[in-house]
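Peer 1: prediction below, plus the sequence it came from.
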Amino acid sequence: MNLIEQYGWNDKWEEKKQGSGIVGRVLLEHKHLYRVITNEGEWLCSLSGKFKFDHGREAFPAVGDWVELEQMPGEEKGIIHEVLPRSSQFSRKVAGSTIEIQLVAVNVDYVFLVMSLNNDFNVRRLERYLLAAWDSGATPVVVLTKKDACEDLAYYISEVESIAFGVDIFAVSSVTGEGIDSLANLLSAGKTGALLGSSGVGKSSLINALSGEEVMAVNGIREDDSKGRHTTTHRELTLLPGGGLLIDTPGMREFQLWETSEGVSASFKDIEELAEGCRFRDCKHEKEPGCAIQEAIYTGTLKEERYKSYVKLMRELAHIERKNDVAARKVERDKWKQITKTQRSNYKKKK
């Protein structure tokens, strides 16, 4: 097995290769410089000028991406010319009012949604993660950490099961090692997972437990509110002893959705199925007679908090869709302005 095969290269990726350049996988990104693993070893790489001109920020390499590059003469450095089409992409909107996408994890087989079994547990936040995870193309898995300190595991499991339909749930302890082997079995040779969750949920401790050694620094949590301090400040791809790969990500206090389609049906299929039973097809699920959703809330079949969360997320997604349309039109206008400007400049030079 050559070096890049240890990092997940296979025949499917070979089919996606577009040129004859050297292939590598991005292990680390820092200020538009990339640490890339190739068959010749790890190289520090930058983007070609043509790539930066031809592509928007979303298309720039991210940790987990496969890229085609050329070696800089006489150096262990490279220039990236292409990013291979991604098999999965987990993204969110950057914080604030700017309409801009942030890539969280790409080319992963599993998205591990990590929550701790303490006061930081938040089922509404998990709904957001699940919505984006289903849309990413990867398989979502819920990981509940700090099992050794939990006195009522059944409660937390039931809360997760009420919203994570068909999703595997693992309760683990990085202290005692309980549940770690079962989780590690998912990451067989060449499979890639990404850890996503808030600061202090135990992502770094989980990587150390899966690795069998101290590969990530670990910080504690504040006793008063169970909130964590940021340990990981960047994304990094780690090769595990069993042959699997894991991407750790910085803790996310805020998770703003970017876009979704299939994710809604997967995450809220209970509500969508109930809506099909309403008497009127255009039911707004408020005070209409024969509303199946309001009936379910009244009888306790559907929690009102979950329905309110669904409505809030749908409004947020509709708002994002409207702003994305405006932003897309602006990008297209700016693109043609730049092309026109370049053509005029070239014409003047020829004269």
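Peer 2: Great, that's in hand.
Peer 1: in the sheet, who's paired with Thr238?
Peer 2: Using DSSP bridges, the bridge partners assigned to Thr238 are Leu246.
Peer 1: enumerate every residue touching it.
Peer 2: Counting by CB atoms under 8 Å, 6 or more residues apart in numbering, Thr238 touches Ile207, Ser211, Val215, Leu245, Leu246, Ile247, Asp248. Where C-beta positions appear, they are placed from N, C-alpha and C, glycine not excepted.
Peer 1: how about the contacts made by the residue nearest to the second one when sequence neighbours are not counted?
Peer 2: If you skip the residues right next to it in sequence, Ser211 has Leu240 as its closest partner in space, 5.8 Å away by CB to CB, 6 or more residues apart in numbering. Contacts were defined as CB under 8 Å, 6+ apart; by that measure Leu240 touches Ala184, Leu187, Leu210, Ser211, Leu246.
Peer 1: and Leu33, by the same measure?
Peer 2: Taking CB under 8 Å, 6+ apart as the contact definition, Leu33 lies against Leu44, Cys45, Ser46.
Peer 1: still on that earlier bit, output the contacts of Thr238 in TSV, with pLDDT, neighbour count and distance to Met314 appended to each entry.
Peer 2: Listed next are the contacts of Thr238 as TSV, based on pLDDT from 0 to 100; neighbours: other CB atoms under 10 Å; distance: CB to CB, whole Å:
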residue	pLDDT	neighbour count	distance to Met314
Ile207	90	23	35
Ser211	86	17	40
Val215	55	16	41
Leu245	94	24	35
Leu246	92	25	33
Ile247	90	26	30
Asp248	84	23	31
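Peer 1: closest one of these to Val26?
Peer 2: Ile247 (10.1 Å; CB to CB).
Peer 1: contacts only, for the closest one.
Peer 2: Val63, Gly64, Ala105, Val108, Thr192, Gly193, Ala194, Leu195, Arg235, Glu236, Leu237, Thr238.
Peer 1: now with 6 Å?
Peer 2: Neighbouring residues of Ile247 by CB atoms under 6 Å, 6 or more residues apart in numbering: Val63, Gly64, Ala105, Ala194, Arg235, Leu237.
Peer 1: pretty sure the second one sits against Asn107.
Peer 2: In this case it means Gly64. Yes - between Gly64 and Asn107 there is a contact at 4.4 Å, judged by CB atoms under 6 Å.
Peer 1: list of residues touching the host helix or strand of Asp270?
Peer 2: Element membership for Asp270 (DSSP states H and E) is helix 269-275. Contact with helix 269-275 is made by Ala292, Ile293, Ala296, Tyr310, as judged by CB under 6 Å, 6+ apart.
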